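Pasted the sequence and its predicted model underneath.
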Amino acid sequence: MLRVENLYWGHYENNTFYRNLANSVGGVDVDYLLINCGTKDISEYTITLAPYNGAGRKCTDSMGKCEVTIAGYDLLRSGSHIKANSAKPCWYSTNIRAVNVESIKVIYTDGTTEKCQGNYQPSPEEKKILTKAKAKYTTNLLIGVAAIITIFIVLIMVARDL
């Protein structure tokens, strides 16, 4: 089954994500990590998200929209992950203080489907897959950061020699 991790709300501006802050017109995007912690490959998925206000109540935006469904058609193999975002504002409201997963529906490559309310709570076996996938994501992230730092140091050294 699919698990949503690192779910943050905020907005993108110039390729930078600003957490917990709507954009200048109240637009709110979401940024998240999807992990297939099940044993079957996923061919399609839909995730329904809802915003909550400071009192912890589900709220609507200035256009009356509450729940938003995000669909994906990427092949997601067992134990793999996708870092994703909503690509456009889901809501227009400065009252949003949290975003929760309302439901997840997946279609597996064998044609079977599964749905759960809220964010998926993995079984003990699936927690092992989830832990490995998170470790792989973190390792890849650290390798990327190390590469950027290395390039930066090389550029400084080259600039000093000029």
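Arrived safely.

Excluding chain neighbours, give the residue nearest to residue 7 in space.
Nearest in space to residue 7, with sequence neighbours left out and distances taken as Cβ to Cβ, 6 or more residues apart in numbering, is residue 32 at 4.6 Å. No exception for glycine: its C-beta is placed from N, CA and C like everyone else's.

Next, name the residue at the spatial heart of the protein.
residue 32 (1.1 Å; Cα atoms, centre = their mean).

Quick one: classify that residue as helix, strand or coil.
Of the three states, residue 32 takes strand under DSSP: H, G, I helix; E, B strand; the rest coil.

Can you tell me the SS state at residue 145?
Assignment for residue 145 (three-state DSSP): helix.

and it, how many neighbours does it have?
Other residues lying near residue 145 total 10 when counted by other Cβ atoms under 10 Å.

ok, now residue 22?
Applying other Cβ under 10 Å, we find 21 residues neighbouring residue 22.

Wait, residue 119 touches residue 6, no?
No - using Cβ atoms under 8 Å, residue 119 makes no contact with residue 6, being 11.6 Å away.
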